[in-house]
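Trainee: I need the structure of the sequence given here:
(one chain, ligands or ions: 1)
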Amino acid sequence: MTDRYAVFGNPIGHSQSPRIHALFAAQTGQDLSYQAILAAKDGFAAAVRAFMASGDGPAKGANVTVPFKEEAFRLATRRTARAEAAGAVNTLSFEQDAMIGDNTDGAGLVRDLKHNLGCDPAGRRILLLGAGGAARGVILPLLLERPAELLIANRTEETAARLALEFANSFARLPGCAVDVKPDGTGFPGLSGRQFDLVINATSAGLSGASLPLPPGVFGPRCVAYEMVYGRETPFMAQARAAGARVADGLGMLVEQAAEAFFIWRGVRPRTAPVLAALKGN
Ligand code: ATR
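Mentor: As a prediction, this is how the structure comes out:
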């Protein structure tokens, strides 16, 4: 019997996850199926239950994407510390009497930075742009890498300040999450005169083609600029390039978060380089 997996989202048509997991399965010789499922906006839990009840083989797990990650968090009967910190779940594992919720987004980003881009966050001055779900999901994994500094900057300053305080006060106290560095929060004007070694864009500004009011000085010497959006050149990427930064988009994070989910489910870590190369090929 073939173990079954799926990704739930709305929309879901352009998801690369079925292709990525099919490549991982072929590479590691794992017998599994992985499909994309469009869930109605108000029908996520029902769609998951229908998936679990149907099909030939046992349903073993699921990925969850926009807009259901917070709902998946609530649906999970148990959650990992990194899912708790993210406030969102992108990976569900179905066990006998439990649905375990994890979040692999931050681990995916860190792995892409360290292993694919040669940019170890340890000791770096990090600027995280945005204070929504995408930013929240990567804060704890970044802090655990022990950067020199983590500053969260957001258009709405108050949201950044609140998020930074929340991490400084609570998540750093979770078991296994002791971190020395306390994040700080600011608005974009607070960036003037500041300089960073790694600038990560977790805002959704690029999706609407909007640029961010960043002083060019934020991109320090040998700075890496990471855009979480992939598949397009965003104004942030152009700004960073013009300031001399090395620029990466979020395709590597997409593949690495998938690899982390695959590892959770199958206990085997697939090689990501050939999959990333295949995705870049078209
Ligand atoms: P996501 O889950 O993708 O993070 P979100 O929770 O809606 O989506 O958050 C979007 C983030 O992008 C927020 O930090 C938002 O800033 P505000 O909190 O001020 O709304 C940021 N954002 C979106 N469009 C932006 C723009 N044009 N300029 C600057 N920041 C923008």
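Trainee: quick one, phi/psi of Ala153?
Mentor: For Ala153, the backbone dihedrals are phi -120, psi 130 (criterion: degrees, to the nearest 10).
Trainee: secondary structure class of the closest residue to it other than its chain neighbours, three-state.
Mentor: Take Ala153 and drop its neighbours on the chain: the residue closest to it by CB to CB, 6 or more residues apart in numbering is Thr186, 5.1 Å away. Just so you know, the C-beta spots here come from the backbone N, C-alpha and C atoms, and that holds for glycine as well. Judged by DSSP: H, G, I helix; E, B strand; the rest coil, the three-state class of Thr186 is strand.
Trainee: burial of Thr186, as a residue count?
Mentor: The local packing of Thr186 (other CB atoms under 10 Å) involves 17 other residues.
Trainee: list the contacts of it.
Mentor: Shown in contact with Thr186 (CB atoms under 8 Å, 6 or more residues apart in numbering): 151-154, 157, 160-161.
Trainee: again, only this time at 7 Å
Mentor: For Thr186, the contact set (CB atoms under 7 Å, 6 or more residues apart in numbering) comprises 151, 153, 157, 160.
Trainee: okay, the spatially most central residue of the chain and the ligand: tell me how far apart.
Mentor: By CA atoms, centre = their mean, the chain has its centre lying nearest to Asp105, at 2.5 Å. Using CB to the nearest ligand atom, to the nearest Å, one gets 10 Å for the distance from Asp105 to the ligand.
Trainee: dihedrals phi and psi, the spatially closest residue to that residue that is not a sequence neighbour?
Mentor: Spatial nearest neighbour of Asp105, excluding adjacent residues (CB to CB, 6+ apart): Gly137 at 4.3 Å. Gly137 has phi and psi values of phi -60, psi -20 when expressed as degrees, to the nearest 10.
Trainee: which bits of this structure sit near the ligand?
Mentor: Counting by CB under 6 Å from any ligand atom, the positions of the chain adjacent to the ligand are 130-135, 154-156, 159, 203-205, 210, 212.
Trainee: pull out the buried members of these.
Mentor: If you count burial by 16 or more other CB atoms under 10 Å, the buried members of the residues of the chain next to the ligand come out as 130-131, 133-135, 154-155, 159, 203, 205, 212.
Trainee: in strands, which of the residues you listed appear?
Mentor: The strands, defined by DSSP state E, take in Asn154 from these.
Trainee: any idea of the mean pLDDT for stretch 194-206?
Mentor: What stretch 194-206 shows for mean pLDDT is 97.
Trainee: then stretch 166-177?
Mentor: For stretch 166-177, the per-residue pLDDT averages 70.
Trainee: look at Val89 and tell me its secondary structure.
Mentor: For Val89, the assignment made with three-state DSSP gives coil.
Trainee: can you tell me the strand partners of the longest strand along the chain and which way each runs?
Mentor: Identified as the longest strand of the chain according to DSSP E is strand 219-227. Sheet partners assigned to strand 219-227 using DSSP bridges are listed as strand 196-201 (parallel), strand 246-248 (parallel).
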